[in-house]
Structures are given as structure tokens and as C-alpha cells.
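> Here is the input, now give the coordinates:
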Amino acid sequence: MSQLNAQCQDAKTKPIIVNSRTDLFNSAKALNNGVNISWLEQTWNTGALQHKPIADADFALLKQLGFKSIRLPVAFEYYRDKGVSLQQVLAQIDGVLKQCKRYGFKLVIDYHDGKINDNNYNNATNEAISIWLTLTRHYKNESASQVYFDIYNEPPPMDPQKWKDAAYNLVTAIRKVDAQRILLVGASNYNSIYELSRFVRLADERIIYTFHFYEPFFFTHQGAVWVGDQVATTGVAFPYDGEKFPQLNPKAKGTWGETNYNQYRHDGNEQSVKDKLQIVKNWSDKYGVPVLCSEYGVYNKYADVDSRCRYIKTVRKSLSALGIPGMLWDYNTNFSIFAGKPSIAHLPPCFKDALGL
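Purely as a prediction, here's the structure:
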């Protein structure tokens, strides 16, 4: 790793600015109106590989709703640790790719649920490289306009330079096998827009920079038990409505949730969403590279449907105004826009409006 880092130091710190990246911007645009299918990343679902919940009817429905691309998060390391061969996992991905081709969708293969952190980034990066080399060889003959690689989902809060080292080493390893594949690279702190704004782009001309957008998190993740007490306050509407604003849940006192509670009167509106996305747009313009919002959405257990619709419409409208493609999280689990099993009949009318149907 140290030798590879030394070789790449100049490239990391002195990126070459290219005036025209029309093809790359068009490739990013082709991923717009995307949706995540979160099935192979469900580490809590031990039977995920035993059934395939996404049928041709689902692809036909997504086509009808105007979606154009699929992001497929895969918990590669989880399956490896469970003794599942990578070939078994690839067989599932191949099935999805076949359906994507049949129905005209682009496919993003996303490396989900990695374990990298400040203490293990050298070893963890090597582990990811080993898996990516197999993936890259497997899909090398697939068109670069059909299959994209999202190299590492949501690296945690960690030293940004260590993450950049890891990202560059992942990209460099993939490039030794496939020079043309378009790669998606995000910043640390869970694909943070703020970390991206401080990131110096890599010296590779086939990268789309990605970020996740769940702002304001206080609204989009209200009641999500896996996040913790900071989001314990529920009944939060979008946009902010002072007359209907709930009391702070006592569990959230003394956490970031209390700070976000007090801030929501300022954050819970369309202008705040626009302002935060403008941060990403400014960074994109600075380096002349495309960006992609590969996740946005609302946890659907506690947020009311009208607020969820207004939020999704606001994000989609704001992304569109800035020329940033977006991918919804997710199709059929706890961020789903459907009121039941995915179907037109189960799609609330306000979501039809939010999707521009």
C-alpha cells in the first residue's frame, strides 16, 4: 500500500483540470431518475440469497413510473464472512443485470457495508480491492454505458486523507483491469455533502462524484431505531409547521437530536434544501466534474405521507434545477413510496405528482 500511495501522491494532490467532460456528464445524466433496490445489502436478512424479490413485473412498474437506472447495493464482505462464495453473489447480480438490459435500465453495482475506518484502512482497502478485482474482471466486457461501479458506500467519519488514500487505491486497482469503467466515488462521513465540498477530486477522468442527501436528517430519519435516540422525536412534518410541531422526545435531550429539533424551524423548508444542494453544485463547478445524488428519501414509518411527498418533490425539483441526477432510496422496504406492495394502485396520488407522472 505504501508504495502505491507514493506513486499516486502527485496525482492526488495535483489533479489535471480538463475543460470538456461532455461524455462523462452525459453518463451521469443517464443515471437520473434512478432507484435503489436494497435487497442484497440486507445483512439482517439471512435468507436474502434464497429468494429474488424483484421480478419482471417490478421492472415493468419502475419503467412505467419513469425510472431509468437501478443502484444495487451489495454487502460483499458480509457474504464473504458468512462463507458465501462471491460467485453465488455474482449470479444474483447477473440476474438483475439481465433484467436491466431487458427493460432498458442502467445498473450501478454498489459496494455496501464495508468495514473501513481510521484504524484498519490499509487492510480494509486491500480486502475491498480483492473483491473489486474479481468484480471488474467479471464485468469487463459489459458496456461502460450499461454497468457502473460505486466503489464504496458511505465511508464512516474518519480522517479524510486516509479515506482519499483508500479511494485512490481502489480506483487505481480497478484501472489496472478496466480503464473505461465509470466509477462513482463519494466522500467520508457517510457520503457527506460537507466532506465532498472539502474533497480534492482525483486525477481520473472516468469518475462521477457521489453524495447522499437526507437533509434535514431530523425529518427524514425520524423514529429510525438504528440511528439512536437523536431521532426519537416523531410526528415531524415537512415543511416546518410551528402549530403542529411535536414536543421533543425526552430520549433526544442532550443529543444532536435536541440541537436539530431547535434548528428545524430554519432547516425544514425548500430553501434550506436548495441551499445545501448548492454546496455540491458549487464543488462540481469548481472542478468541472459531474456529481450524482445516489441516495435520497424518507423513512416511512412515522413521517406522514403528505410530508414525504412534499419532501421528495422538493429534492427532485431542487436537483433538477441544479442539473444534478438523483437516485431514490428505496424501492420496496422501509423508505418505499408505496402504501403496501409496490404497484400503481398502492402509489399515493401525491407521490404521482412528486414523480412528475
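> CA only for contacts and neighbour counts going forward, please
Fine.
> all helices of the stretch 251-357 of the chain, in order?
256-267, 270-287, 305-322, 349-354 (DSSP state H, counting those that start in this stretch).
> pLDDT value on residue 64, please?
If you check residue 64, the pLDDT there is 97.
> That one: how many residues sit nearby?
For residue 64, the count of nearby residues is 12 (other C-alpha atoms under 10 Å).
> Need phi/psi at it.
Backbone torsions of residue 64, given as degrees, to the nearest 10, read phi -60, psi -30.
> try residue 255
phi -110, psi 180.
> Give me the nearest residue to it, chain neighbours excluded.
Computed as C-alpha to C-alpha, 6 or more residues apart in numbering, the closest residue to residue 255 that is not its neighbour in sequence is residue 230, at 5.5 Å.
> ok, now how distant is that neighbour from residue 170?
Residue 230 is 34 Å from residue 170, where distance means C-alpha to C-alpha, to the nearest Å.
> Could you check which of the two has the larger neighbour count?
Higher neighbour count among residue 230 and residue 170: residue 230, with 26 against 21, using other C-alpha under 10 Å.
> Report whether the expected contact of that one with residue 257 is present.
Yes - in this structure, residue 230 is within contact of residue 257 by C-alpha atoms under 8 Å, at 3.9 Å.
> residue with max distance from the center of this structure?
residue 243 (33.9 Å; C-alpha atoms, centre = their mean).
> which SS class is that residue?
Put simply, residue 243 is coil when judged by DSSP: H, G, I helix; E, B strand; the rest coil.
> confidence score at residue 357?
pLDDT, read off for residue 357, is 84.
> can you tell me how far it sits from residue 305?
17 Å.
> What of residue 93?
In terms of C-alpha to C-alpha, residue 93 sits 32 Å off from residue 305.
> again, but for residue 24
Residue 24 is 36 Å from residue 305, by C-alpha to C-alpha.
> My guess is residue 163 contacts residue 155. True?
Yes - proximity of residue 163 to residue 155 meets the contact threshold set by C-alpha under 8 Å, at 7.4 Å.
> Return every residue with contacts to both of the two.
Applying C-alpha atoms under 8 Å, 6 or more residues apart in numbering, one finds that residue 163 and residue 155 are jointly contacted by 187-188.
> so what's the nearest residue to residue 207 once chain neighbours are set aside up against?
Nearest residue to residue 207 in three dimensions, chain neighbours excluded: residue 183, at 4.8 Å (C-alpha to C-alpha, 6+ apart). For residue 183, the contact set (C-alpha under 8 Å, 6+ apart) comprises 148-151, 171, 206-208.
> most packed of the helices of the stretch 251-357 of the chain?
helix 305-322 (a mean of 19; mean count of other C-alpha atoms under 10 Å).
> Quick check: which helices or strands does that one pack against?
For helix 305-322, the packing partners by 3 or more C-alpha pairs under 8 Å, 6 or more residues apart in numbering; DSSP states H and E come out as helix 270-287, helix 349-354.
> okay, those in CSV with mean pLDDT next?
Converted to CSV, the helices and strands packed on helix 305-322 look like this (pLDDT from 0 to 100):
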stretch, mean pLDDT
helix 270-287, 98
helix 349-354, 96
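> Wait, a helix at the residue nearest to residue 255?
Yes - Residue 230: assigned to a helix according to three-state DSSP.
> That one and residue 217, how far apart?
Distance from residue 230 to residue 217, by C-alpha to C-alpha: 10 Å.
> Out of the helices of the stretch 251-357 of the chain, which gets nearest to residue 73?
helix 305-322 (20.9 Å; C-alpha to C-alpha).
> which residues touch that closest one?
237-239, 270, 273-274, 277-278, 281, 296-298, 300, 325-326, 348, 350-351, 353-355.
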